[in-house]
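*Asks:* predicted model, plus sequence, below.
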Amino acid sequence: SAVVESSGTGIEVFPNPTRGEIQLTNVQADEVRVYDNMGRLVLQVQKPGASMDISNAPAGLYFLKITEGEQVYSARIVKE
């Protein structure tokens, strides 16, 4: 299925920028994958619930792929 940009869906990923802990609202994610700006997978979390921790990742821009059932959403986040 196509990847949908989360900004038009009501899904929120915050705070952005973050120091590590991010909140996911309006989504029941089955899986979240975090990619760096080179497209490398840096973190994969099954059933993250309402929050997840990316504090072990270095500062930079990251792309999230949030899977909920058959739907996949994308979001960008900046790690300070």
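*Replies:* Done, it's in.

*Asks:* residues in contact with the most centrally placed residue in the chain?
*Replies:* Centrality entry for the chain: nearest residue to the mean C-alpha point is Leu64, 3.4 Å, by C-alpha atoms, centre = their mean. Applying C-beta atoms under 8 Å, 6 or more residues apart in numbering to Leu64 gives the contacts 13, 32-35, 73-77. (Glycine included, C-beta is placed from N, CA and C.)

*Asks:* mind checking the pLDDT average for stretch 12-27?
*Replies:* Here stretch 12-27 scores 96 as its mean pLDDT.

*Asks:* quote the end-to-end distance of that stretch.
*Replies:* Start-to-end span of stretch 12-27 (C-alpha to C-alpha, to the nearest Å) is 8 Å.

*Asks:* need the strands for this structure, in chain order.
*Replies:* With DSSP state E as the criterion, the chain has strands at 3-5, 12-14, 21-25, 31-36, 41-46, 51-53, 60-68, 71-79.

*Asks:* just want the angle from the third one to strand 71-79.
*Replies:* Looking back up the chat, that one is strand 21-25. 150 degrees (axes from the mean of the first three to the mean of the last three C-alpha atoms, to 10 degrees).

*Asks:* wait, isn't Gln23 in contact with Glu12?
*Replies:* Yes - contact status for Gln23 versus Glu12: in contact at 7.4 Å, counting by C-beta atoms under 8 Å.

*Asks:* and the buried ones among the contacts of Leu64, selectable in PyMOL?
*Replies:* A single PyMOL command selects the buried members of the contacts of Leu64 (16 or more other C-beta atoms under 10 Å):
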select buried, resi 13+32+34+35+73+75+77
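
*Asks:* residue ranges with poor pLDDT in this protein?
*Replies:* Across the chain, the ranges flagged by pLDDT under 70 are 1.

*Asks:* hmm, 90 instead?
*Replies:* Within the chain, the stretches with pLDDT under 90 are 1-3, 7-8.
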